[in-house]
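Peer 1: from the sequence below, what's the structure:
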Amino acid sequence: MAVDELDTRILRLLLEQPRTSVREYARVLGVARGTLQARLDRLERDGVITGTGPSLSPAALGHPVLAFVHIEVTQGHLDDVGDALAAVPEIVEAFSITGGGDLLTRVVARDNAHLEDVIQKLISLPGVVRTRSEVALRERVPHRLLPLVEAVGRTAGKRSSAARPGNEL
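Peer 2: As a prediction, the model looks like this:
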C-alpha cells in the first residue's frame, strides 16, 4: 500500500496525539473532516492502522519481568502448539521464526519464580521439545513506529516529486 505525504502526517498525529478527535486532527492538518475520515478508513482497510486501543504496561499490571522464550516444536505440531500458547496469559506475543527454534514468544511474569512456572507450563505442552529463555534487563529502544512512518513518508515524497512532469533526469 502506498503511503503519501498526507497519510504520513496523519499517522504521525495518531502516534503523537492518540486521544485527539477526528475533527481536531482535520483542523491541525488543514484538511476537510471527510477527507481525513476517508484516509483513516483506507488506512484501516489496508491494514496500516491495526488498532486504536490504549497501550498497556505489563510492569504496571504487576508483571515487570520480560523474557523472550524460544520454543522448539516437534515437526507437524507448530499449529497445535501455537494454538495452545494462546491459552497462556503471560504470553503477550508469539511468532513462528526461522533459525534456532520454531517459535519466539514474549513472556511477562511477576518475578523469576513465576517466569520459571510459565516456562515449565510451556515445556509440558504436547509437541514442545525444548525451550531457551533470555531475560530482558532493560528496555533500550521502546516500541516505536514514528521513525518508520517518517522514513516511509520521505520515500513517498521523493517518489511523488520524481514522478511530476519536468522532473525527468
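Peer 1: where are the low-confidence patches of the chain?
Peer 2: Residues of the chain meeting the criterion pLDDT under 70: 1, 157, 159-169.
Peer 1: one more time with 90, if that's ok
Peer 2: Applying pLDDT under 90 to the chain picks out residues 1-3, 18-19, 51-55, 99-101, 150, 152-169.
Peer 1: could you pull out the strands for this structure?
Peer 2: For the chain, the strands defined by DSSP state E occupy 65-73, 91-96, 103-109, 128-135.
Peer 1: most tightly surrounded among the ones you listed?
Peer 2: Across the strands of the chain, averaging neighbours per residue (mean count of other CB atoms under 10 Å) puts strand 103-109 on top, at a mean of 21. Every C-beta, even on glycine, is put in place using the N, C-alpha and C of the backbone.
Peer 1: strand partners of that one, parallel vs antiparallel please.
Peer 2: Note on strand 103-109: by DSSP bridges, its sheet partners are strand 65-73 (antiparallel), strand 91-96 (antiparallel).
Peer 1: C-alpha coordinates for that strand, CSV please?
Peer 2: Extracted C-alpha coordinates of strand 103-109, given in CSV (Å, rounded to 0.1, in the frame of the first residue of the first chain):
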residue,chain,number,x,y,z
LEU,A,103,8.6,-20.1,17.8
LEU,A,104,9.7,-16.9,19.6
THR,A,105,7.5,-15.7,22.5
ARG,A,106,7.5,-12.6,24.5
VAL,A,107,6.6,-13.6,28.1
VAL,A,108,5.9,-11.4,31.1
ALA,A,109,6.0,-12.6,34.7
